[in-house]
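Visitor: here is the input, now give the coordinates:
(2 chains)
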Amino acid sequence: DTEVTQTPKHLVMGMTNKKSLKCEQHMGHRAMYWYKQKAKKPPELMFVYSYEKLSINESVPSRFSPECPNSSLLNLHLHALQPEDSALYLCASSQGTGEVETQYFGPGTRLLVL
Amino acid sequence: GEDVEQSLFLSVREGDSSVINCTYTDSSSTYLYWYKQEPGAGLQLLTYIFSNMDMKQDQRLTVLLNKKDKHLSLRIADTQTGDSAIYFCAVGNAGNNRKLIWGLGTSLAVNP
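Guide: Next comes the predicted model:
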């Protein structure tokens, strides 16, 4: 099973709201990723967690706050977002244990910031 | 820096073969992936090839790797309307295997 699940599928929020995106995988993977994707563009890496520790932060604004409560779960907390943050947010996971880190993606959360 | 290039559009007739091309600049690229994205969906891993291989076949999909020219191709045999999607080429290397370099994606349109 190579399934990564994400909730919610869609989210509309105002610029003063606080919301969270959730991601879950049960493949025993130890690396998890957040990406942002604008329409018809490739995904842009935001954060990588390895063994529940943040290993890569691609200079993402602090209004995005990731959290990895355990090896199966990844959250992205959102606060005071801007309209330009509207995008598809994708979660991915990979084994995290070796040289080959093939990434498996979830279906994404489509976020609209008003 | 590293770059991955793809042609942006490809249009084929149903039943024909499609060939999507990708070129990359980093000669240390070790892992090369093809992802498919249907409208409104996430990214689906289609296939991948490692730099110690020249070809990989998986049902209707054939991946060819020319390391000398740093060229990767994805051939889809007997293309169907359900193959209409954006296809992304992504490459990684052993030194930094979690940060993939992505192409801009090729939008494949399959006409009946």
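
Visitor: work out for me the element residue A:74 sits within.
Guide: Here residue A:74 is covered by strand A:73-79, with elements defined by DSSP states H and E.

Visitor: buried ones in that strand?
Guide: Going by neighbour count (16 or more other Cβ atoms under 10 Å in any protein chain shown), the buried part of strand A:73-79 is A:74-76, A:78. Just so you know, the C-beta spots here come from the backbone N, C-alpha and C atoms, and that holds for glycine as well.

Visitor: now what about the next helix or strand after that strand, what contacts it?
Guide: On the C-terminal side of strand A:73-79, the closest following helix or strand by DSSP H and E is strand A:87-94. Defining contact as Cβ atoms under 8 Å, 6 or more residues apart in numbering or on different chains, one finds that strand A:87-94 is touched by A:4, A:6, A:21, A:23, A:25, A:27, A:29, A:31-39, A:43, A:74, A:76, A:101-106, A:108-111, B:42-43, B:98.

Visitor: ok, the nearest residue to residue A:55 once chain neighbours are set aside - contacts?
Guide: Computed as Cβ to Cβ, 6 or more residues apart in numbering or on different chains, the closest residue to residue A:55 that is not its neighbour in sequence is residue A:48, at 5.1 Å. Counting by Cβ under 8 Å, 6+ apart, residue A:48 touches A:31-33, A:54-56, B:98-99.

Visitor: state the number of residues packed around the residue in chain A that chain B sits nearest to.
Guide: Chain A approaches chain B most closely through residue A:42 (3.6 Å), counting by Cβ to the nearest Cβ. Residues contacting residue A:42 under the criterion other Cβ atoms under 10 Å in any protein chain shown number 23.
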